[in-house]
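[1] What follows is a protein structure lacking sequence information:
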């Protein structure tokens, strides 16, 4: 539900779009602390690599994002989460959260979050924890439609501490009767509800009659279709003269009971603090004005009053289904955890109480809004959610039948009925441990006219699912218990003793039982016996894994021995109903297991292994048909009934090989189009499925190619490739002059032996592109000259322009001096002089001409014989704020060739990486933003302000960088189709890069977030730390990563496009 709520100024907070937190102490709400945090992230599935950049993107199927850790300003016990999302059909988003708990000092497991958002594009959720100091979230995205991706962005958090409320110890206010026991309902006052949350703080004159009414909200939601189900018998708008934010409405009929769970860590140590946190989230954070659940049950079976207003008041627990339903929530995450016995008993008691109060048939169903709904149902039946979790939802059929039996009670019989009975006394749900044995005695009174003889016995209806959990020890006649007495006359009581044996599988079941009188007469009346079996602890740890060999030949066997320690609470056995063997998790199969059944590795050696002892499994694995590196997972499985949760180290690895094939194709570079005569390095990636290590010393490669193609300079990019690893064989193709499709056949060898029988091949096309690939923009760069009279010259002819008019031509080698007297510019050369009122621009007569500033000393310290004072393009000399400035204007590609941020000896893919991001950086400040507002230039050559630009001097001595610029011509980095900033720096400390928000406070650059940089072997930051790490990029390129892979790693969620695609 969504109810507008105006709250006092003391509760208002502002979320700033940056990753840090604020702390508030509320004036309203005794002892509640609130902190906020914000993550300006934007997530979507990455596009797959495609040959064309103009076609619609094809998105990857899955993506998992794990956030940074959020350190809170104070200990907290709950977090609410809000985000923006778009989830097209056939796509999904799942969110998870975990906490760093104070008491244990450890992180919890991931907790799945239910999206409680009731509007398109908005997500809300909430999680409760034991006292914690930090949290972290995870996003899992999936798409079954490659043309669609879900989106998620701008995640905000509100963490609260509700543990310090002061309230009196609970005393029982009322009782709920179930069988012969009772439970207390803990009142709102007892669990510490701050009732001020419920009252409206704003101007009542602005409110309409329907404000704060659930019925009005649902009438609008359903468009008047179900107004007959939304009729209200009574409404309370005020309490003690104050307006309630959320009116207390009482429907004409309550027909449904809806069960929920809350996302919490296991074993909450302060359930009341958790409930206060939920109350705050619903009442204040969501603005409802009260807690949404009618009742809450904790893991200990305590029942708490929820929504204020008493029996039947409309809650806010299932959007569109609140009017006419009761919402009961169980603290815990029952998608992962089993429901405790105490919580189960209280849940059944509470459902029975509400069913009797509102005359609800617990085993019935009826039309409710737009669907047929069970009268006792799970939240997932009315909304798209996993709530109340699989482990509660699967119990609902047994809960319904057990409660129905308790409500219906004794059956009525006619006074002349021959065989009739009634149960004597009540019984609670039986609670058994796994592999437990228990006797239970039924007492039945004979209220018929016939005497029961010794052939009278009890039978139970067949229930295969229940029999897997509890064995009633039926004999051949299906009897579960014979009459203890020889005979039972009318008016007397008979006794039946049932022996129950619980199996290893925990759970809750119920059995429908009835007598078979005198061996032949059975009534249609049944009594219900509910049984709860505690879930077994099947935990273990791996002690040793011994695989006889690191590799296995196809069709041959290798011995494996695995030892695991029993850390659970039951004794393991290798025979009986639950023999223990190692199996493949989740009923999977392993190609390493021979024979028909590929799910089991082997039976436990020992007859029994008690808790704390170690079990041994000895078995053979068989080499599979296909060569490759195999990882085989295992877990203990108990008699095909239940399996333990596999630990992270429950696996072994082995290399399977076929002597005829020792390599397998993995991928190849995406360079598939060449221009006539173009020369480019490409690669193929292979997996080593043999048993020899590949190195440059033992690897040779044979090429078979068509006439006109030249292949040269092949090498292995990795220093060595061990069995099971992948490696790239790189080689240079010189394309033929004629257009067409071509194929190069490749056969690698190691130590003279072929790795494969057949050839690998590399296909490409030669296409003659007469037109330029894109319209190349110019870049204007202010040079770091510091002179009043720069001297301009060139290696061949050049011209001087003033106000776009050519005034003079000069020969190569002519020196031209420019000065400014505050009003006019004076240009001198030889015996000539020109005085002009506008600045001169010197342009080359040919694109091959290089201009030079003769009196500009810009020599590298490592070789002072060089002077980087030469430039392509034009040179403009002008006064700027009293200083003589020299501006070099040149085409973008020429500029990038002069950017001296990398060494010519760097790996090729590193050079390409720098070419793309340097081009992107420059173009951003040409088209998107002004680096120097109001100035007549785009960039400077100063690396402290922009990129280190040295011009033609660097270009001439860095041919590899020039080739990298040509190979990536026109390619730039974009985010959601827009050009972006691409900062880069030297190196990190070997841990991770920094976010732009962290360094500069930028909140609109979700692609500039922190990423791990462990490939960088440095111990201190050099540079600002945002974007691409030069150290990490070098290591990645050396390890075989391509330039696009490197860019997409350091800049999150980006796409590389051509400038023409913008």
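    Received, thanks. On a predicted model such as this, the values are computed, not experimentally measured, just so you know. Numbering: from 1, shown residues only.

[2] Point out the other elements, helices or strands, that the strand or helix carrying residue 125 touches.
    Using DSSP states H and E, the element containing residue 125 is strand 122-143. In terms of contacts (3 or more CB pairs under 8 Å, 6 or more residues apart in numbering; DSSP states H and E), strand 122-143 is packed against strand 33-44, strand 62-66, strand 70-86, strand 91-101, strand 111-113, strand 151-161, helix 271-280. In short, each C-beta sits where N, CA and C put it, glycine included.

[3] For that strand, what is the distance to the chain centroid?
    Its chain's C-alpha centre and that of strand 122-143 lie 10 Å apart, by CA atoms, centre = their mean, to the nearest Å.

[4] What values do phi and psi take at residue 301?
    phi 90, psi 0 (degrees, to the nearest 10).

[5] Now do the contacts for the closest residue to it other than its chain neighbours.
    In space, and not counting its chain neighbours, residue 301 is closest to residue 342: 3.2 Å by CB to CB, 6 or more residues apart in numbering. Residue 342 makes contact with 299, 300, 301 under the criterion CB atoms under 8 Å, 6 or more residues apart in numbering.

[6] Now the buried members of those.
    Buried subset of the contacts of residue 342 (neighbour count, 16 or more other CB atoms under 10 Å): 299, 301.

[7] buried ones in stretch 320-330?
    So, applying 16+ other CB under 10 Å, buried residues of stretch 320-330: 320, 321, 322, 323, 324, 325, 326, 327, 328, 329, 330.

[8] my guess is the second one contacts residue 260, does it?
    The reference is to residue 321. No - counting by CB atoms under 8 Å, residue 260 is not a contact partner of residue 321; they are 11.7 Å apart.

[9] Any chance of the helices and strands packed on strand 122-143 in CSV with mean pLDDT, mean neighbour count and distance to residue 495 as columns?
    Putting the helices and strands packed on strand 122-143 into CSV (pLDDT from 0 to 100; neighbours: other CB atoms under 10 Å; distance: least, CB to CB, whole Å) gives the following:
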stretch, mean pLDDT, mean neighbour count, distance to residue 495
strand 33-44, 87, 21, 60
strand 62-66, 88, 14, 60
strand 70-86, 91, 21, 51
strand 91-101, 93, 20, 51
strand 111-113, 88, 22, 48
strand 151-161, 91, 21, 56
helix 271-280, 86, 26, 41
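
[10] now these in JSON lines, with distance to residue 564?
    Compiled in JSON lines, these are given as follows (distance: least, CB to CB, whole Å):
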{"stretch": "strand 33-44", "distance to residue 564": "39"}
{"stretch": "strand 62-66", "distance to residue 564": "29"}
{"stretch": "strand 70-86", "distance to residue 564": "36"}
{"stretch": "strand 91-101", "distance to residue 564": "27"}
{"stretch": "strand 111-113", "distance to residue 564": "28"}
{"stretch": "strand 151-161", "distance to residue 564": "39"}
{"stretch": "helix 271-280", "distance to residue 564": "35"}
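
[11] who wins for proximity to residue 1011 among the ones you listed?
    Of all the helices and strands packed on strand 122-143, strand 62-66 sits nearest to residue 1011, with 11.2 Å by CB to CB.

[12] Do a quick rundown of the helices in the stretch 401-550 of the chain.
    464-467 (DSSP state H, counting those that start in this stretch).

[13] Quick one: residues contacting residue 477.
    By CB under 8 Å, 6+ apart, residue 477 lies in contact with residue 457.

[14] That one and residue 986, how far apart?
    85 Å (CB to CB, to the nearest Å).

[15] Residue 386 now?
    With CB to CB as the criterion, residue 386 and residue 986 are 47 Å apart.

[16] Then residue 749?
    Per CB to CB, residue 749 is found 41 Å from residue 986.

[17] Quick check, central residue of this structure?
    residue 139 (2.3 Å; CA atoms, centre = their mean).

[18] Next one: the residue lying closest to that residue once chain neighbours are set aside from residue 1053, what distance?
    The spatially closest residue to residue 139, leaving aside those adjacent along the chain, is residue 65, at 4.5 Å (CB to CB, 6+ apart). Using CB to CB, residue 65 is found at 10 Å from residue 1053.

[19] Kindly report the same for residue 43.
    7 Å.

[20] burial measure for residue 533, as a count.
    By the measure other CB atoms under 10 Å, the count of residues near residue 533 is 25.

[21] List the contacts of it.
    Contacts of residue 533 by CB under 8 Å, 6+ apart are 432-434, 436, 469-470, 502-503, 505-509.

[22] And for residue 707?
    Here residue 707 is in contact with residue 736 (CB under 8 Å, 6+ apart).

[23] Could you report the distance from it to residue 740?
    12 Å.

[24] which stretches of this structure aren't confidently modelled?
    1-31, 47-57, 117-120, 164-183, 266-267, 408-412, 769-774 (pLDDT under 70).

[25] Tell me how many other residues crowd residue 921.
    By other CB under 10 Å, 26 other residues sit near residue 921.

[26] Which strand or helix spans it?
    helix 908-923.

[27] for that helix, packing partners?
    In this structure, helix 908-923 packs against helix 892-897, helix 959-967, strand 971-975, strand 984-985, helix 1030-1038, helix 1043-1050, with contacts taken as 3+ CB pairs under 8 Å, 6+ apart.

[28] same thing but at 6 Å, please
    Helix 908-923 sits against helix 892-897, helix 959-967, strand 971-975, helix 1030-1038, helix 1043-1050, with contacts defined as 3 or more CB pairs under 6 Å, 6 or more residues apart in numbering; DSSP states H and E.

[29] Show me what the next helix or strand after it packs onto, helices and strands only.
    Downstream of helix 908-923, the next assigned helix or strand under DSSP H and E is strand 939-940. Where contact means 3+ CB pairs under 6 Å, 6+ apart, strand 939-940 is not packed against any helix or strand.

[30] just to revisit the earlier point, could you redo the buried residues of stretch 320-330 as TSV and give each row secondary structure?
    What follows is the buried residues of stretch 320-330, written out as TSV (DSSP: H, G, I helix; E, B strand; the rest coil):
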residue	secondary structure
320	coil
321	coil
322	coil
323	coil
324	coil
325	strand
326	strand
327	strand
328	strand
329	strand
330	strand
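
[31] Of the residues you listed, which is the nearest to residue 870?
    Distances from residue 870 to those, taken by CB to CB, are shortest for residue 320, at 73.1 Å.

[32] residues touching that closest one, list them.
    218, 221 (CB atoms under 6 Å, 6 or more residues apart in numbering).

[33] From residue 110, how far off is it?
    Taken as CB to CB, the span from residue 320 to residue 110 is 29 Å.

[34] Residue 426 now?
    According to CB to CB, residue 426 and residue 110 sit 42 Å apart.

[35] So these two - more neighbours on which side?
    Just comparing residue 426 and residue 110: by other CB under 10 Å the higher neighbour count belongs to residue 110, 17 against 12.

[36] residues contacting that one?
    By CB under 6 Å, 6+ apart, the neighbours of residue 110 are 96, 98.

[37] so residue 1059 touches residue 968, yeah?
    No - using CB atoms under 6 Å as the test, residue 1059 is too far from residue 968 to be in contact (11.2 Å).

[38] Which helix or strand contains the nearest residue to residue 803 once chain neighbours are set aside?
    Spatial nearest neighbour of residue 803, excluding adjacent residues (CB to CB, 6+ apart): residue 838 at 5.1 Å. Residue 838 is part of no helix or strand when elements are defined by DSSP H and E.

[39] Wait, residue 838 touches residue 801, no?
    No - using CB under 6 Å, residue 838 makes no contact with residue 801, being 9.8 Å away.

[40] any common contacting residues for these two?
    Counting by CB under 6 Å, 6+ apart, nothing touches both residue 838 and residue 801.

[41] neighbour count winner among these two?
    residue 801 (17 against 13).
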